[in-house]
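# turn this into a model:
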Amino acid sequence: MLFDELKKLHDQPLFSLLKQAREVHEAHWDDNEIQLCTLLSIKTGGCSEDCSYCSQSARHSSGIQVERLMEKEQVMARAQQAKDTGSTRFCMGAAWRGVRGGTKRFDQVLDIIQDVSKLGMEVCVTLGQLGPEEAKQLKEAGVTAYNHNVDTSREHYPNIVTTHTYDDRLETIRHAQDAGLSVCCGGILGLGENTDDRLKMIETISEFNPQPESVPINSLMPMPGTPLGDSKPVEIFDVVRMIAVARISIPKAKVRLSAGRTQMTEEAQAMCFFAGANSIFYGDKLLTAKNPAVEKDLALIDKLGLSAKRPNPAMTSPEATPDKPLSPSPCCKEEASPCQTS
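Numbering: from 1, shown residues only. Down below sits the predicted model:
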C-alpha cells in the first residue's frame, strides 16, 4: 500500500480507522487468538553497531553487562520454560553486526537452533545482517522466521544508525525470504520521527513481496546512556493508529504488540488488540527492556475472552504475488539499524 493511501487511512477519525481495521482483522483472523512469543537475548551487549536506541551498543555508556553467547543448556532451559508457560514462538536475539558461515559462533547458534526446534515451538532468530548461504543454513537448522526490523523510514534512518544502511537491512530480508524463511519485520515508534516517517516505514513493509508473516510494532523504551535515552514516551493513540494501519495494509500478518507494553494500561492494550494486534512478546524481558509479567498477561487475555494461538513450527514463508517484482530490493545506497526487540 503506497504512502498517499496510508496517509489517508491514518488521518481519518480514530473510530473510523478502528472500524475499518477491525473489519479487515475479522476477515482474515476469525480465531480470536493471541500468539504468545518469548524473546531471549542469547548474547548481550558489546555490539559494534551504533543504533541510537540500543543499550547493547559498545559505543554507548549504558552500563549494560556484556555477556558471551549462552551455553546451549541454558538456552534449552529457558526455551522449555517458555513452552511450559504457553509461548508458541521462541525468539533468540544476539547483539552483533551479523553472522558468517563457518565461524565457531555461528555453528554454535545452529546447534542451539536444532535442539530448540525439537520442542515443537516456532523458532525465530534475530542475528543482524545475513547472507544467502547463512539464511539457508538457518532454514535447514529449523528456523521458521527471521526478525529484521526496518525501524523507521528510509529518510530518517541515517539519523538513527550510521554503521550500516537501510539497503543493508533490505538485503538481509531478501536473503531470508529467498531461503524460504518467514520474515518478521516492523519498526520502532519514538525515534524522533514524524508521522510521515512512520507511514513510509509501513509503506516499505507492506510493499514486500511476499509480505512479512509478522509485524512487530515497538514503542521506544528509552535506555539511559543511549542518544535517545531522554526521549518522550509515545502517545498511546499514535500506537493504536499505527497498529490499525499495519493491520489494514498487511492483513495476513500477525501484528505484534512489542516493546513498550510496560507503559500501557490494560485498557490501552485492549484497544491495541481491537485495532488488530494479535501477538505479544510475553515474559519478564524483551532483550534488555522490561515486559509485563507472565501472570498479568494471562489474566488480561482471560479478561478479554481471548485465547493463546497454537504453534505452527512447520510454517512456510508466505507466497509471493505473481507478476509483481520480488521485494525488498535495494534501490540505492545511502548511509542509514538491528535491535529494540524482534
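# least confident secondary structure element in this structure?
For the chain, the helix or strand with the lowest mean confidence is strand 285-286, at a mean of 48 (criterion: mean pLDDT, DSSP states H and E).
# what about the strands in this structure?
Ranges of strands within the chain are 33-43, 89-94, 122-126, 145-147, 182-184, 187-189, 214-219, 254-257, 277-281, 285-286, 289-290, 307-308, based on DSSP state E.
# give me the helices and strands touching the longest one, please.
Right, strand 33-43. Using 3 or more Cβ pairs under 8 Å, 6 or more residues apart in numbering; DSSP states H and E as the contact criterion, the neighbours of strand 33-43 among helices and strands are helix 72-84, strand 89-94, strand 254-257, strand 277-281, strand 285-286, strand 307-308. All C-beta spots, glycine's among them, are computed from the backbone N, C-alpha and C.
# how about the fifth one?
Here strand 182-184 touches strand 145-147, helix 166-178, strand 214-219, going by 3+ Cβ pairs under 8 Å, 6+ apart.
# pLDDT averaged over it - what is it?
Strand 182-184 carries an average pLDDT of 95.
# run through this protein and note the low-pLDDT ranges.
Confidence mapping of the chain against pLDDT under 70 gives the ranges 45-46, 56-66, 283-292, 327, 329-342.
# measure residue 30 to residue 22 for me?
Residue 30 sits 12 Å away from residue 22, going by Cβ to Cβ, to the nearest Å.
# what do you get for residue 262?
Applying Cβ to Cβ, one obtains 26 Å for the distance of residue 262 from residue 22.
# of those two, who's got more company?
For residue 262 versus residue 22, the count of surrounding residues by other Cβ atoms under 10 Å is larger for residue 22: 16 against 13.
# from memory the more buried one sits against residue 276, does it?
Yes: taking Cβ atoms under 8 Å as the definition, residue 22 is a contact partner of residue 276 at 7.3 Å.
# in JSON lines, list the helices and strands packed on strand 182-184 along with mean neighbour count.
Converted to JSON lines, those look like this (neighbours: other Cβ atoms under 10 Å):
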{"stretch": "strand 145-147", "mean neighbour count": "26"}
{"stretch": "helix 166-178", "mean neighbour count": "23"}
{"stretch": "strand 214-219", "mean neighbour count": "27"}
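# for these, which one sits closest to residue 100?
Comparing the helices and strands packed on strand 182-184 against residue 100 with Cβ to Cβ, the closest turns out to be helix 166-178 (12.8 Å).
# now for residue 229: which residues touch it?
By Cβ atoms under 8 Å, 6 or more residues apart in numbering, the residues touching residue 229 are 222-223.
# next: residue 238.
Contacts were defined as Cβ under 8 Å, 6+ apart; by that measure residue 238 touches 189, 195, 198.
# mind redoing it with 7 Å?
The contact partners of residue 238, by Cβ atoms under 7 Å, 6 or more residues apart in numbering, come to residue 189.
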